[in-house]
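**Q** The following block contains a protein sequence and its predicted model.
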Amino acid sequence: MSHNITDVLETHIQRKREELERLQQAMAMIPQVQSDLAAMERTLAILGGKTAIEQPSSGQSYDPPQEPYPQLAQAILREQGTPLTGDQITHIARSKGKPVSRSSLMGALYRCSKEKKFFKLVAPGTFGLLDWENHSDEREENLLVPSQDISAVDDPLRENAPSGSPNGAF
(Lines give C-alpha, C1' and ligand atoms only; values in the text may rest on other atoms or scores of the structure.)
Protein backbone atom coordinates (compact mmCIF):
# COMPACT_ATOMS: atom_id res chain seq x y z
CA MET A 1 0.00 0.00 0.00
CA SER A 2 2.77 2.46 0.87
CA HIS A 3 4.38 1.64 -2.48
CA ASN A 4 1.31 3.02 -4.29
CA ILE A 5 1.37 6.20 -2.23
CA THR A 6 5.03 6.84 -3.04
CA ASP A 7 4.36 6.24 -6.73
CA VAL A 8 1.49 8.71 -6.69
CA LEU A 9 3.58 11.27 -4.81
CA GLU A 10 6.51 10.85 -7.21
CA THR A 11 4.15 11.37 -10.14
CA HIS A 12 2.72 14.53 -8.56
CA ILE A 13 6.21 15.83 -7.77
CA GLN A 14 7.31 15.28 -11.36
CA ARG A 15 4.23 17.10 -12.69
CA LYS A 16 4.85 20.04 -10.35
CA ARG A 17 8.51 20.21 -11.41
CA GLU A 18 7.45 20.31 -15.06
CA GLU A 19 4.85 22.98 -14.29
CA LEU A 20 7.45 25.03 -12.41
CA GLU A 21 9.88 24.80 -15.34
CA ARG A 22 7.18 25.97 -17.80
CA LEU A 23 6.32 28.89 -15.53
CA GLN A 24 9.97 29.88 -15.13
CA GLN A 25 10.44 29.84 -18.90
CA ALA A 26 7.33 31.95 -19.34
CA MET A 27 8.52 34.44 -16.72
CA ALA A 28 11.87 34.78 -18.47
CA MET A 29 10.01 35.91 -21.59
CA ILE A 30 8.12 38.74 -19.83
CA PRO A 31 10.76 41.46 -20.46
CA GLN A 32 10.95 40.53 -24.15
CA VAL A 33 7.18 40.54 -24.58
CA GLN A 34 6.92 43.86 -22.71
CA SER A 35 9.59 45.35 -24.93
CA ASP A 36 7.92 44.08 -28.10
CA LEU A 37 4.52 45.31 -26.97
CA ALA A 38 5.85 48.76 -26.09
CA ALA A 39 7.62 49.02 -29.46
CA MET A 40 4.45 48.08 -31.33
CA GLU A 41 2.38 50.55 -29.31
CA ARG A 42 4.89 53.33 -30.01
CA THR A 43 4.82 52.46 -33.72
CA LEU A 44 1.02 52.50 -33.72
CA ALA A 45 1.02 55.88 -31.99
CA ILE A 46 3.43 57.30 -34.57
CA LEU A 47 1.43 55.86 -37.47
CA GLY A 48 -1.75 57.24 -35.92
CA GLY A 49 -0.29 60.74 -36.04
CA LYS A 50 0.18 61.20 -32.32
CA THR A 51 3.21 63.33 -31.54
CA ALA A 52 3.49 62.50 -27.86
CA ILE A 53 3.91 58.84 -27.07
CA GLU A 54 1.54 57.90 -24.31
CA GLN A 55 1.94 55.33 -21.60
CA PRO A 56 1.49 51.82 -23.07
CA SER A 57 -2.09 50.60 -22.79
CA SER A 58 -0.91 47.29 -21.38
CA GLY A 59 -0.57 48.89 -17.97
CA GLN A 60 3.06 47.83 -17.92
CA SER A 61 5.69 50.48 -18.20
CA TYR A 62 8.46 49.94 -20.71
CA ASP A 63 11.80 49.63 -19.01
CA PRO A 64 14.64 50.45 -21.37
CA PRO A 65 17.89 48.66 -20.69
CA GLN A 66 19.72 50.08 -17.68
CA GLU A 67 22.73 50.72 -19.88
CA PRO A 68 23.00 50.85 -23.66
CA TYR A 69 23.58 47.48 -25.28
CA PRO A 70 27.00 48.29 -26.75
CA GLN A 71 28.35 49.34 -23.33
CA LEU A 72 26.79 46.30 -21.67
CA ALA A 73 28.29 43.95 -24.27
CA GLN A 74 31.70 45.64 -23.98
CA ALA A 75 31.68 45.14 -20.22
CA ILE A 76 30.75 41.46 -20.60
CA LEU A 77 33.39 40.83 -23.27
CA ARG A 78 36.07 42.55 -21.17
CA GLU A 79 35.03 40.53 -18.13
CA GLN A 80 35.14 37.25 -20.07
CA GLY A 81 38.31 38.16 -21.98
CA THR A 82 37.37 36.27 -25.13
CA PRO A 83 35.01 36.67 -28.09
CA LEU A 84 31.46 35.49 -27.37
CA THR A 85 28.35 34.76 -29.37
CA GLY A 86 25.36 37.05 -29.10
CA ASP A 87 23.50 34.29 -27.27
CA GLN A 88 26.31 33.98 -24.72
CA ILE A 89 26.36 37.74 -24.14
CA THR A 90 22.57 37.75 -23.75
CA HIS A 91 22.69 34.85 -21.29
CA ILE A 92 25.41 36.47 -19.18
CA ALA A 93 23.57 39.81 -19.14
CA ARG A 94 20.31 38.16 -18.08
CA SER A 95 22.11 36.14 -15.40
CA LYS A 96 23.25 39.50 -13.99
CA GLY A 97 19.64 40.69 -13.88
CA LYS A 98 19.84 42.95 -16.93
CA PRO A 99 16.63 43.18 -19.01
CA VAL A 100 18.08 42.26 -22.39
CA SER A 101 16.28 41.71 -25.67
CA ARG A 102 18.38 39.27 -27.70
CA SER A 103 17.28 40.72 -31.03
CA SER A 104 17.99 44.29 -29.94
CA LEU A 105 21.39 43.31 -28.55
CA MET A 106 22.30 41.45 -31.74
CA GLY A 107 21.16 44.38 -33.86
CA ALA A 108 23.30 46.78 -31.84
CA LEU A 109 26.33 44.48 -32.04
CA TYR A 110 26.03 43.96 -35.79
CA ARG A 111 25.46 47.69 -36.39
CA CYS A 112 28.50 48.65 -34.32
CA SER A 113 30.70 46.04 -35.97
CA LYS A 114 29.59 47.19 -39.43
CA GLU A 115 30.42 50.80 -38.47
CA LYS A 116 33.73 49.59 -36.99
CA LYS A 117 32.73 50.87 -33.54
CA PHE A 118 33.74 48.87 -30.47
CA PHE A 119 33.20 45.37 -31.93
CA LYS A 120 34.55 43.08 -34.63
CA LEU A 121 32.65 40.12 -36.02
CA VAL A 122 35.15 37.28 -35.61
CA ALA A 123 32.86 34.45 -36.74
CA PRO A 124 29.16 34.24 -37.60
CA GLY A 125 27.30 35.59 -34.57
CA THR A 126 30.53 35.91 -32.54
CA PHE A 127 31.89 39.26 -31.45
CA GLY A 128 35.21 40.48 -30.10
CA LEU A 129 36.35 43.94 -29.13
CA LEU A 130 38.10 46.11 -31.72
CA ASP A 131 40.66 47.28 -29.20
CA TRP A 132 41.76 43.67 -28.72
CA GLU A 133 43.41 43.88 -32.12
CA ASN A 134 45.66 46.68 -30.85
CA HIS A 135 46.35 45.26 -27.41
CA SER A 136 46.52 41.51 -27.99
CA ASP A 137 49.70 41.00 -25.93
CA GLU A 138 48.30 42.96 -23.00
CA ARG A 139 44.97 41.10 -23.15
CA GLU A 140 46.60 37.68 -23.27
CA GLU A 141 48.51 38.52 -20.09
CA ASN A 142 45.24 39.55 -18.42
CA LEU A 143 43.54 36.29 -19.39
CA LEU A 144 45.69 34.22 -17.07
CA VAL A 145 43.80 33.94 -13.81
CA PRO A 146 44.66 31.68 -10.88
CA SER A 147 41.86 29.23 -11.70
CA GLN A 148 43.25 28.54 -15.18
CA ASP A 149 45.45 25.59 -15.98
CA ILE A 150 49.00 26.93 -16.15
CA SER A 151 49.99 24.21 -18.66
CA ALA A 152 47.90 26.03 -21.30
CA VAL A 153 50.42 28.89 -21.20
CA ASP A 154 53.27 26.61 -22.30
CA ASP A 155 51.23 24.97 -25.07
CA PRO A 156 53.40 25.05 -28.23
CA LEU A 157 50.29 25.25 -30.44
CA ARG A 158 49.37 28.52 -28.78
CA GLU A 159 52.58 30.13 -30.05
CA ASN A 160 51.59 29.37 -33.66
CA ALA A 161 48.09 30.80 -33.34
CA PRO A 162 47.48 34.17 -35.04
CA SER A 163 47.55 37.08 -32.64
CA GLY A 164 44.53 39.29 -32.04
CA SER A 165 42.27 37.21 -29.87
CA PRO A 166 42.84 34.78 -27.03
CA ASN A 167 41.90 31.85 -29.24
CA GLY A 168 43.45 33.15 -32.46
CA ALA A 169 40.01 34.14 -33.79
CA PHE A 170 41.11 37.56 -35.12
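**A** Nice, thanks for sending it over.

**Q** Now do the helices in the protein.
**A** 2-28, 30-47, 69-80, 86-95, 102-114, 131-134, 136-143, 156-160 (DSSP state H).

**Q** burial of Phe118, as a residue count?
**A** Close neighbours of Phe118, defined as other CB atoms under 10 Å, add up to 18. C-betas here are computed from N, CA, C, even on glycine.

**Q** Tell me how far it lies from Gln74.
**A** 6 Å (CB to CB, to the nearest Å).

**Q** Extract the residue ranges of this protein that are flagged as low pLDDT.
**A** 1-2, 50-67, 134-170 (pLDDT under 70).

**Q** Per the annotation, how does it divide into domains?
**A** 1-62, 64-160 (automatic domain parsing).

**Q** circling back: how about JSON lines for the helices of the chain, with distance to Pro124 added?
**A** Formatted as JSON lines, the helices of the chain follow (distance: least, CB to CB, whole Å):
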{"stretch": "helix 2-28", "distance to Pro124": "25"}
{"stretch": "helix 30-47", "distance to Pro124": "23"}
{"stretch": "helix 69-80", "distance to Pro124": "17"}
{"stretch": "helix 86-95", "distance to Pro124": "10"}
{"stretch": "helix 102-114", "distance to Pro124": "11"}
{"stretch": "helix 131-134", "distance to Pro124": "18"}
{"stretch": "helix 136-143", "distance to Pro124": "22"}
{"stretch": "helix 156-160", "distance to Pro124": "24"}
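
**Q** could you dump the ones you listed to JSON lines with distance to Gly125 and mean neighbour count?
**A** Formatted as JSON lines, those follow (distance: least, CB to CB, whole Å; neighbours: other CB atoms under 10 Å):
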{"stretch": "helix 2-28", "distance to Gly125": "21", "mean neighbour count": "9"}
{"stretch": "helix 30-47", "distance to Gly125": "18", "mean neighbour count": "14"}
{"stretch": "helix 69-80", "distance to Gly125": "13", "mean neighbour count": "18"}
{"stretch": "helix 86-95", "distance to Gly125": "5", "mean neighbour count": "18"}
{"stretch": "helix 102-114", "distance to Gly125": "8", "mean neighbour count": "17"}
{"stretch": "helix 131-134", "distance to Gly125": "17", "mean neighbour count": "16"}
{"stretch": "helix 136-143", "distance to Gly125": "21", "mean neighbour count": "14"}
{"stretch": "helix 156-160", "distance to Gly125": "25", "mean neighbour count": "8"}
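
**Q** Alright, that wraps it up for me.
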